[in-house]
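Trainee: quick one: sequence and predicted model below, then my questions.
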Amino acid sequence: MMRKTVKNQWTAIAAVTVGVALAVWMNARTPTADGIVVHTPNRAEQIFPALRPDDPTAGWGSENCGEARFQHAAFINAGNIHSLSFAPFHRPERGWDTYAPMIATEIGTRCAPTSPGFAAALAQWQEKRGLEPTGQVDASTFDYMKAVWQDERPFVLTSRSGCPAPPPESSLETGRPGEGYGGKVVQLTPGAFAAYRRMVRDARAQVPAIRANPQYFQIFSAFRSPAYDAARCAQEHNCNGIVRATCSAHRTGRAMDIYVGSAPGFGPDSSADANRLAMTQSPAYRWLVLNARNYGFVPYVFEPWHWEWIGDPASSNQS
Ligand SMILES: [Zn+2]
């Protein structure tokens with residue numbers, strides 16, 4: 001008798017919960033004049049809110065972030081976004097929140113990472129690549145994505161068959177006042193600098209939160225000669241693993257480390273997980289994820305501050 005009462009209570013609680021959830025969900029669906037129900041993502045459901053609401057490619061308001069078939073996958077993602085155990089960059093990490101903006105862009109959604117719409121877009125992406133279309137972010141799906149992102153960096157491809165020679169230092173351009181973080185003097189190739197300046201100008205024009213902080217996009221490391229890196233490695237025992245000592249992308253004059261925010265108590269290049277997460281939540285980083293490619297910049301995803309110029313997308317300027 002006791003068992004039955006408890007069971008009935010649970011049934012009632014479950015029914016109420018489902019009812020409330022359904023009411024909330026229905027409320028977010030907006031009937032059009034034709035009576036067609038369109039799910040309008042609210043701000044909380046969007047991963048890039050208030051960055052560029054006028055962005056014609058965004059699909060604002062038309063994407064179904066509440067995709068009914070993917071409620072379960074969304075539930076799983078909502079759990080593992082903070083708890084997935086994986087080591088995509090040879091260091092154990094917990095959760096994939098830091099990579100959510102990159103993943104959303106890769107799978108072509110603006111829905112929040114814990115929404116069914118995000119899971120639906122991921123399932124489609126997985127299916128196209130012969131992966132099981134679960135709609136769930138897992139270590140093997142992430143590994144696949146990471147390979148896609150790494151292959152977009154010419155430096156990664158060329159350094160597989162030997163370290164690229166640095167450009168003559170006389171061919172490099174020096175940053176203007178205000179471009180170096182903390183007044184630092186920085187150098188890039190002329191093409192990379194021109195693209196960087198166009199990008200920063202547009203980001204500041206488009207997003208008030210970026211305009212409000214002049215430190216956003218300031219460069220704290222750009223060209224580093226192989227000799228400089230080797231000396232720093234030897235003197236300071238700061239070898240950044242083996243990368244700095246052997247072959248860093250910074251020798252190309254096309255790689256830059258830029259300020260994209262930081263967590264309290266951390267520097268702009270600290271790879272502490274809490275710091276990387278804070279960076280990827282800044283308006284500067286999210287704008288870059290959406291737009292940097294249009295200026296020829298691609299990221300090293302583990303370091304939210306590190307971007308490499310791969311040439312102008314619209315011209316043959318590659319130097
Ligand atoms: Zn870097």
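Mentor: Alright, I've got the coordinates.
Trainee: which residues touch residue 267?
Mentor: residue 275 (CB atoms under 8 Å, 6 or more residues apart in numbering). Every residue, glycine included, has its C-beta placed from N, CA and C.
Trainee: can you report phi and psi for it?
Mentor: Dihedral angles of residue 267 (phi, psi; degrees, to the nearest 10) stand at phi -80, psi 170.
Trainee: secondary structure element holding residue 234?
Mentor: helix 226-236 (DSSP states H and E).
Trainee: I'd like to know which elements that helix is packed against.
Mentor: Judged by 3 or more CB pairs under 8 Å, 6 or more residues apart in numbering; DSSP states H and E, helix 226-236 is in contact with helix 243-246.
Trainee: just the mean pLDDT for the helix it packs on, thanks.
Mentor: Confidence over helix 243-246 (mean pLDDT, whole number) is 60.
Trainee: circling back: the helix holding residue 234 near the ion at all?
Mentor: No - using CB under 5 Å from the ion, helix 226-236 never reaches the ion; the gap is at least 11.1 Å.
Trainee: give the buried residues for that helix.
Mentor: 226, 229, 232, 233 (16 or more other CB atoms under 10 Å).
Trainee: now tabulate the residues you listed in TSV and tack on pLDDT.
Mentor: Converted to TSV, the buried residues of helix 226-236 look like this (pLDDT from 0 to 100):
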residue	pLDDT
226	86
229	82
232	80
233	76
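Trainee: redo the residues you listed as TSV? Include distance to residue 187.
Mentor: Output for those, formatted as TSV (distance: CB to CB, whole Å):
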residue	distance to residue 187
226	14
229	14
232	16
233	20
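Trainee: so which of those residues comes closest to residue 311?
Mentor: Nearest to residue 311 out of these is residue 226 (CB to CB; 22.4 Å).
Trainee: I'd say that closest one and residue 250 touch.
Mentor: No - counting by CB atoms under 8 Å, residue 250 is not a contact partner of residue 226; they are 9.4 Å apart.
Trainee: tell me where the model's unsure across the stretch 101-250 of the chain.
Mentor: Scanning the stretch 101-250 of the chain for pLDDT under 70 picks out 237-245.
Trainee: before we move on, the earlier item: of the buried residues of helix 226-236, which is the nearest to residue 288?
Mentor: Nearest to residue 288 among those, with distances taken as CB to CB, is residue 229, at 24.8 Å.
Trainee: ranges for the helices of the protein?
Mentor: 2-27, 71-80, 100-107, 116-128, 139-151, 154-159, 190-206, 208-211, 226-236, 243-246, 273-280, 283-291 (DSSP state H).
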